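1. sequence and predicted structure below; questions after.
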Amino acid sequence: MNRLTPQVILVLTLIALAIIAPLGIYPIFLMKGLCFGLFAAAFNLLLGYVGLLSFGHAMFFGFSAYVTAHAAKEWGLTPELAILAGIATAAALGAVTGWLAIRRSGIYFAMVTLAFSQMMYFVAVQAPFTHGEDGIQGVPRGRLFGLIDLNDTIVMYYFVLAVFVASLLLIHRIITSPFGQVLKAIRDNEPRAISLGYQVDRYKLLAFVLSAGLAGLAGSLKALVFQLASLTDVHWHASGEVVLMTLLGGVGTVFGPTVGAFLVVAIQNYLSEVGSWVTIIQGVIFVVCVLLFRSGMIGVMTPWLKRRGITG
Amino acid sequence: MMKRLLLSAAALALSTSMAQAQYSDNKVKIGVLTDLSGTYSDLAGQGSVEAARMAVEDFGGKLNGMPIEIVSADHQNKADIASSIGRKWYENESVDAIFDLVTTAAAVAVREVSREKGKIDINSGAASTVLTNAQCSNTGFHWTYDTYALAVGTGNAVVKQGGDTWFFLTADYAFGHDLQAQTEKVVKANGGKVLGAVRHPFPNSDFSSFLLQAQGSGAKIIGLANAGADTINAIKQAKEFGITQSGQKLAGLLVFLSDVNSLGLETAQNMQLTTGFYWDMDDGTRAFSKKFSERMKGKMPTMVQAGVYSSVMHYLKAAQAAKSDEGIKVADKMRELPIADFFAKNGKIRADGRMVHDMYLAEVKKPAESKGAWDYYKILRTIPGDEAYKPLAESACALVKK
């Protein structure tokens, strides 16, 4: 244990960078990047390791944000309980959606998840507790465990960072575990996995629920960071965005989705003041990225890193 | 390529953090947060930004020797974008006050942030009375109009002319709900009846199914509790469906000059509306509007844009008098000073943040009556401020002492 392999050094450096980052970069922007990074990583768990393209992940992200916001604002729950309520909702939604969706694959899987997500969008527009177009505003960040005041932006940042790192470690653990090996086997050759005696559907469903729960965690964090839960997060645009983030960063890599998420969030954040040009600039960057690095930014770097023994 | 991308991303991040270091309180910085690309971009949008610039220029560009800066951004009518831009402006770019804030959902989101940061937000574009009731704040103001004033102005006038049965077509968010509720009250108070209502998504482009429901209701008046491009589309489609020709009347509860311009007098004629400003009222309004239209490719200002000018001007005057840009100090000064400009002749700010000024009931001219471009309104009546706005005694604002 605790051998300082290049991989561990890289991870520790990244964490150290993340710890000092708020000195130079606007913390809310960093937190937004981390939330979307976690969202993309959760999505990648499904796309990159089980080979299932869900086009409805916004429902987990957005609905969990609503539940967390409602729990924190109306029920006065502490942030950790509100987040757990959000995750539970997302995981439950994931169980129902997944149970139906995993019976199909490819485009049909994507369409089933999209259909569910549109239904949940409709619920979000109509249900009284979501307040329709207004969303739930003025969500209190509260005190973590009743002790730590999250209203301080820097404290909130370190909380989000800690949750993010823990979640990424969890994802890393999942994909390197025997369970993760089976998932990859299913992705690469499903009939063979079946013939080896694996209950493929169970594995897929569990992966789906895990992915939904983690996406829910990301949504809950975002609701607390921005003190707001709104329709934007349940809209299918968000489902599309997470696909783009993952593709830009690199499908099936641990850090890729995070890099993609930061790139997309940076474009939206720093270019928002140029008005309608944003979408054009975004479009050009996407086209360039897709043409130049087909396996995503981290995907392109992986062979180079491997040669230096940094990734296994 | 990727290296270069990463580098430029890093440079971007660096440049913003360096910019932060240069700013200090030796500057007064105001932000115009509005819809620059969507449904409301015509009635607020770039025109609001230009109006704010004009106010700063007319003020002299400097405040007690400190330069005045303006930033603007597009909130795309979304609460989350508005909230994050507002937060970024306050925390990272030392913006002292935010103006316009069209769209109630976005306005409420910014109000939350402003209250938390003790900064000033002055609404010109958003309509809902929630801003001076449940969401009122020490440092938040509502300038140009609100749903109560619209309901009192247009609702009263229509019912008195015999339009006593109503069906509402309502934009499905806080503003629409509020406007419908306020108008319903006025209609019922005048002995009218509400036959039904249907909510449409915001923004929306196809109103056919909603209009058919309105037609089926048999109501004499179809009240449009929406705004901007939604109102324009609904009115145009109502004409295509033959609804207006068959005797049902449309009552646009929130109609801006820019909407009338898009609809054309042929379609919009005889429509009655409530407005807080019209360019062709007196020398003061004409002088401002002429200057505005020269800078905005011939467009005349809507009440929202004129309101942005007036509110920026009043903010700067108050900040000068208070010798500070600290939110609460300027807010107190703003309440203290009377408002007397081309926009509001006898304006005053109440405890709940409502700027009370006279409103006008106008009728859209027939094409034959119009003498030239932008000659659209006949002013039928001036509604005194105290009648147009909800009495302070009925306010749900926690700041109002009872």
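-> Sure, I can see it. The structure displayed is predicted, hence computed values, not measured ones. Residues are numbered from 1 along each chain as shown, chains lettered A, B, ... in the order given.
2. going by C-alpha atoms from here, please, whenever you check contacts or count neighbours.
-> Will do.
3. what helix or strand does B:D341 sit in?
-> Counting by DSSP states H and E, there is no helix or strand that carries B:D341.
4. tally up the residues packed near it, please.
-> 14 (other C-alpha atoms under 10 Å in any protein chain shown).
5. please, which helix or strand holds residue 156?
-> By default, I'm working from chain A. In the assignment (DSSP H and E), A:M156 maps to helix A:153-176.
6. think we crossed wires, I meant chain B
-> Element membership for B:N156, per DSSP H and E: helix B:156-160.
7. which residues sit against that helix?
-> B:164, B:186-187, B:190, B:192, B:251, B:272 (C-alpha atoms under 8 Å, 6 or more residues apart in numbering or on different chains).
8. hmm, 10 Å instead?
-> Under the contact criterion C-alpha atoms under 10 Å, 6 or more residues apart in numbering or on different chains, helix B:156-160 has outside partners B:150-151, B:163-166, B:183, B:186-193, B:221, B:249-251, B:271-274, B:361.
9. got the CA positions of that helix in CSV?
-> What follows is helix B:156-160, C-alpha atoms only, in CSV (Å, rounded to 0.1, in the frame of the first residue of the first chain):
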residue,chain,number,x,y,z
ASN,B,156,-60.9,48.2,-15.4
ALA,B,157,-61.1,49.9,-18.8
VAL,B,158,-62.1,46.7,-20.6
VAL,B,159,-64.8,45.6,-18.1
LYS,B,160,-66.3,49.1,-18.1
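10. and that helix, which residues are buried?
-> Of the residues in helix B:156-160, those buried by neighbour count under the rule 16 or more other C-alpha atoms under 10 Å in any protein chain shown are B:156-159.
11. let me know the pLDDT of residue 130.
-> Using chain A. Among the per-residue scores, A:T130 holds a pLDDT of 85.
12. meant chain B, my bad for not saying
-> The predicted local distance difference test score for B:V130 is 89.
13. ok, B:A368 to A:L93 distance?
-> Applying C-alpha to C-alpha, to the nearest Å, one obtains 61 Å for the distance of B:A368 from A:L93.
14. and what of B:I122?
-> Shown here: B:I122 relative to A:L93, a distance of 41 Å by C-alpha to C-alpha.
15. just checking, what packs against the helix or strand that contains B:P67?
-> Assigned by DSSP H and E, B:P67 belongs to strand B:66-74. The criterion is 3 or more C-alpha pairs under 10 Å, 6 or more residues apart in numbering or on different chains; DSSP states H and E, and the helices and strands that strand B:66-74 contacts are strand B:28-34, helix B:45-59, helix B:79-92, strand B:97-100.
16. in its sheet, what does it sit against?
-> For strand B:66-74, sheet partners with direction are given as strand B:28-34 (parallel), strand B:62-63 (antiparallel), following DSSP bridges.
17. run the chain-centre distance for it.
-> The chain centre lies 20 Å from the centre of strand B:66-74; the measure is C-alpha atoms, centre = their mean, to the nearest Å.
18. for the record, mean pLDDT for it?
-> Predicted confidence along strand B:66-74 averages 90 (mean pLDDT).
19. for the stretch 151-300 of chain A, which spans come out with low pLDDT?
-> In the predicted model of the stretch 151-300 of chain A, residues A:272-276 satisfy pLDDT under 70.
20. please enumerate the strands of it.
-> Assignment of strands within the stretch 151-300 of chain A using DSSP state E, counting those that start in this stretch yields the ranges A:228-229.
21. three-state assignment of the residue nearest to A:A69 when sequence neighbours are not counted?
-> For A:A69, ignoring the flanking residues on the chain, the nearest one in space by C-alpha to C-alpha, 6 or more residues apart in numbering or on different chains is A:V139 at 5.7 Å. When classified by DSSP: H, G, I helix; E, B strand; the rest coil, A:V139 comes out as coil.
22. residues in contact with A:V139?
-> Going by C-alpha under 10 Å, 6+ apart, A:V139 touches A:68-74, A:76, A:223-229, B:112.
23. among those residues, which ones are in helices?
-> Counting by DSSP state H, the part of the contacts of A:V139 found in helices is A:68-73, A:223-226, B:112.
24. which of the residues in stretch B:115-126 are buried?
-> For stretch B:115-126, a neighbour-count test (16+ other C-alpha under 10 Å) marks B:115, B:118-126 as buried.
25. same check, this time on stretch B:342-355
-> B:342-344, B:347-355.
26. for the residues you listed, which one is nearest A:T302?
-> Distances from A:T302 to the buried residues of stretch B:342-355, taken as C-alpha to C-alpha, are shortest for B:G353 (57.8 Å).
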